[in-house]
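Peer 1: Build me a model:
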Amino acid sequence: MRLNEALRELEQSGEIARIRKNRYVLPSEADLVSGTLQVHQAGYGFLSRSEPGEPDLFIAAENTGTAMHGDKVLARITRDEDHARAKGHERAEGRVIRILERAHDSIVGTLQRSKNFFYVVPDDPRIVHDVYVQVPPQPPLPKIPAPGDKVVVRLEIWESRHVNPEGQITEILGRSSDPGVDVLSIIRKYHLPTEFPADVLQEVEKISETVGREMIEGREDLRDQFIVTIDPDDARDFDDAINVDRIPGGGWQLGVHIADVSAYVRPGTALEREAYRRGNSVYLPDRVIPMLPERLSNGVCSLNPGVNRLTYSAFLQFSKEGRMKGHRFARTVIRSAHRLTYHQAYTILRSPPNDQLSERLHLAWELASLLRRKRFEQGSLDLDFPEVKVHLDKQGHPIRLERIENDESHQLIEEFMLVANEAVARELKNRSVPAIYRVHERPDPDRLAEYRELILSYGYKAGDLTNRAELQRLLASLSGKAEEQALKIGLLKSLKRARYAAQPLGHYGLAKNNYTHFTSPIRRYADLVVHRALSQAKGRRSRDAEPNMDMGQLTSAADHISITEQVAAEAEMEAVKIKKLEFFQRQLDARDPQLFEAIVIEVRNYGLLLELPDVLLTGLVHVSSLTDDFYVFNPAQRQLVGRQSRRRFSVGDRLTVFVARVDTFKRQVDFAIADKLAPKRTYSRPPMAGRGGAETGKRSRRKT
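Peer 2: Residues are numbered from 1 along each chain as shown. Coordinates of the predicted model:
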């Protein structure tokens with residue numbers, strides 16, 4: 001029995017493959033590969049192989065079988081790379097022969113009705129088949145679903161591609177147009193939890209909302225120090241605070257004080273198990289799905305001003321050249337002196353200091369700016385992206401899109417969190433304490449070579465991109481260019497995804513040999529594990545210390561939270577995208593489209609691909625909407641040229657546009673050019689400052 005279980009596990013992981021008569025072989029010996037199927041909305045897909053470094057396998061639409069987007073599958077190679085190149089294809093091709101593991105047992109979509117049957121159109125355009133359903137559903141629901149309802153469907157076994165998949169409606173979310181249903185659909189799609197189990201809430205109710213004297217005992221008392229927090233305007237979970245003092249003779253001492261969540265979330269409790277299951281908090285435009293109940297996340301763990309809070313502190317000393325020359329870690333108690341927003345901190349930093357708060361903040365920026373400059377000198381990559389915050393009305397409709405820049409206030413916190421994370425990782429590694437690390441492995445040279453071809457097609461010079469200095473030079477050359485955003489995204493796709501691991505494998509993007517996540521335990525389970533490991537490194541086995549986790553447990557935990565982090569990121573991006581689409585659709589409905597500045601980032605034979613920098617959205621001006629002339633595509637110069645007027649549209653052109661069409665299903669927006677009209681800005685963008693791109697655990701919404 002154990003042998004059969006082991007064989008099934010090996011088969012699901014793709015390490016072996018089952019063939020006829022229940023025999024097993026190594027996949028490579030039978031031209032078989034396993035991996036995750038990524039389906040395009042046109043129907044074809046790519047198989048991301050299980051083996052690290054192996055190229056993707058192209059799967060034509062007719063060869064996907066009954067596999068859906070995200071499924072783990074086994075495929076047979078039908079055309080190897082040499083044959084593919086001979087036929088003019090870029091990749092080897094394959095055919096799905098077995099589904100090893102379904103990605104989802106349910107889908108979310110809109111109920112529709114034809115003449116003879118009901119079906120559900122999935123919200124995810126990458127699920128290319130409609131799902132047949134029975135109405136009224138069995139078992140019955142409190143209400144009979146009607147066409148136009150947004151519903152959740154449990155999928156049944158699907159064995160033949162010649163018929164559509166079938167399923168049962170298990171939940172009615174509401175009418176597709178009802179406020180809040182769009183975000184609720186994303187929550188259901190990604191299986192995000194919306195409520196805490198009863199046993200978790202019962203445990204939390206027993207936790208005091210204030211810090212008692214007995215909890216302070218044995219901690220270093222920092223309540224008389226000038227410590228501040230800097231967070232977004234609407235943040236309520238403050239998990240980090242800072243203070244900086246000048247050292248006599250030159251240099252600085254930095255204190256990074258992190259909420260001591262491990263003092264409340266004890267090993268073996270229901271609260272601990274639920275935090276592990278969730279893995280992290282999820283930040284959506286209209287709500288937060290926290291890792292911990294609000295009594296903790298926004299209450300006794302949050303470093304609110306003027307109240308006692310338990311913290312884990314990193315004390316880091318730097319020379320006047322910015323070199324770390326000393327460090328220590330301690331469990332502490334603080335009382336934050338000020339709660340600053342990023343806007344307030346930015347205003348203070350842009351003005352001369354005139355009181356204690358502004359003087360301390362300017363002193364902190366002296367150190368942060370020096371650390372930032374040294375970080376890029378040491379090879380850190382400038383992969384900073386601005387973000388867009390969606391402002392909603394009381395009904396959840398988007399009313400304003402605000403671009404958030406990575407200004408000095410963000411950079412100050414970013415640099416301090418980075419050095420604290422690095423110092424903790426180095427401490428854990430040097431003391432050989434098992435822990436979870438944040439890793440970003442070196443990119444595959446072949447992927448960088450493909451990216452180099454893309455760069456060359458845009459007219460940029462690029463040498464060997466496996467050379468970090470050359471990659472830094474390229475990123476610097478992109479700064480301020482029209483295609484900067486698109487080409488940076490292309491680079492990110494060429495790099496490996498950052499993840500969690502039980503070994504310190506280094507962080508390529510940050511150019512650091514040791515890195516972990518220590519600074520956000522309110523919203524990340526990884527940080528909670530690191531806090532406990534640091535306590536173990538200091539030789540303190542307190543009542544809240546976790547029993548030693550072996551490498552197998554740490555590896556399993558790292559894999560799990562890597563997945564929950566990716567799910568959260570995808571849900572957050574999709575939620576922001578649908579709110580952007582709604583923002584433009586409401587302009588169409590009101591027949592009052594606003595004007596936006598747009599930059600041409602690509603020219604194709606069918607039109608102009610645009611980016612709206614104010615709202616970070618890409619869209620299309622279709623060639624059919626250019627009615628002043630007949631435009632011909634010049635592929636050599638990547639231009640559309642008017643046959644009569646000789647008017648030219650090229651990459652980098654700045655245009656004024658308005659929304660012409662919104663396709664919420666395909667997540668696409670078409671625009672039209674507003675000739676002879678001045679652009680109307682929808683908000684005032686703050687000036688850009690400095691460079692960015694670090695993975696700190698802080699972001700402009702802000703918490704990552």
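Peer 1: Let's see stretch 618-631 as CSV, backbone CA atoms only.
Peer 2: Provided in CSV are the C-alpha atoms of stretch 618-631 (Å, rounded to 0.1, in the frame of the first residue of the first chain):
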residue,chain,number,x,y,z
THR,A,618,-2.5,49.6,-21.6
GLY,A,619,-5.0,49.8,-24.4
LEU,A,620,-5.4,49.9,-28.1
VAL,A,621,-6.3,52.5,-30.7
HIS,A,622,-7.5,50.3,-33.5
VAL,A,623,-6.4,51.3,-37.0
SER,A,624,-10.1,51.5,-38.1
SER,A,625,-10.7,54.4,-35.7
LEU,A,626,-8.0,56.5,-37.5
THR,A,627,-10.6,57.9,-39.9
ASP,A,628,-8.7,61.0,-41.1
ASP,A,629,-6.7,58.9,-43.6
PHE,A,630,-5.9,55.3,-44.7
TYR,A,631,-2.9,54.2,-42.7
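Peer 1: can you pull the buried residues of it?
Peer 2: 618-621, 623, 626, 631 (16 or more other Cβ atoms under 10 Å). Using the backbone N, CA and C atoms, a C-beta is placed for each residue, glycine as well.
Peer 1: Indicate each strand paired with whichever strand or helix holds Tyr24 and its parallel or antiparallel sense.
Peer 2: In the assignment (DSSP states H and E), Tyr24 maps to strand 23-25. Strand pairing for strand 23-25, determined by DSSP bridges: strand 17-19 (antiparallel).
Peer 1: buried ones in the partner strand?
Peer 2: Within strand 17-19, the residues scored as buried using 16+ other Cβ under 10 Å are 17-18.
Peer 1: avg pLDDT for it?
Peer 2: Taken as a whole, strand 17-19 has a mean pLDDT of 72.
Peer 1: Over to stretch 210-222?
Peer 2: The pLDDT scores in stretch 210-222 average 94.
Peer 1: tell me how far stretch 648-662 is from the chain's mean position?
Peer 2: Here stretch 648-662 shows a centroid-to-chain-centroid distance of 28 Å under the convention Cα atoms, centre = their mean, to the nearest Å.
Peer 1: repeat for stretch 360-375
Peer 2: On Cα atoms, centre = their mean, the centre of stretch 360-375 falls 27 Å from that of its chain.
Peer 1: same deal with stretch 260-271?
Peer 2: Chain-centre distance of stretch 260-271: 26 Å, with Cα atoms, centre = their mean.
Peer 1: What residues of that stretch count as buried?
Peer 2: 260-265, 270-271.
Peer 1: which pair in those spans the largest distance?
Peer 2: The distance between the two most remote of these (Cβ to Cβ) is 20.0 Å, for Asp260 and Ala270.
Peer 1: just the buried residues of stretch 618-631 now: which is nearest Asp178?
Peer 2: Nearest to Asp178 among the buried residues of stretch 618-631, with distances taken as Cβ to Cβ, is Gly619, at 26.3 Å.
Peer 1: Pull the contacting residues for the closest one.
Peer 2: Shown in contact with Gly619 (Cβ atoms under 8 Å, 6 or more residues apart in numbering): 598, 609-610, 612, 657, 668-671.
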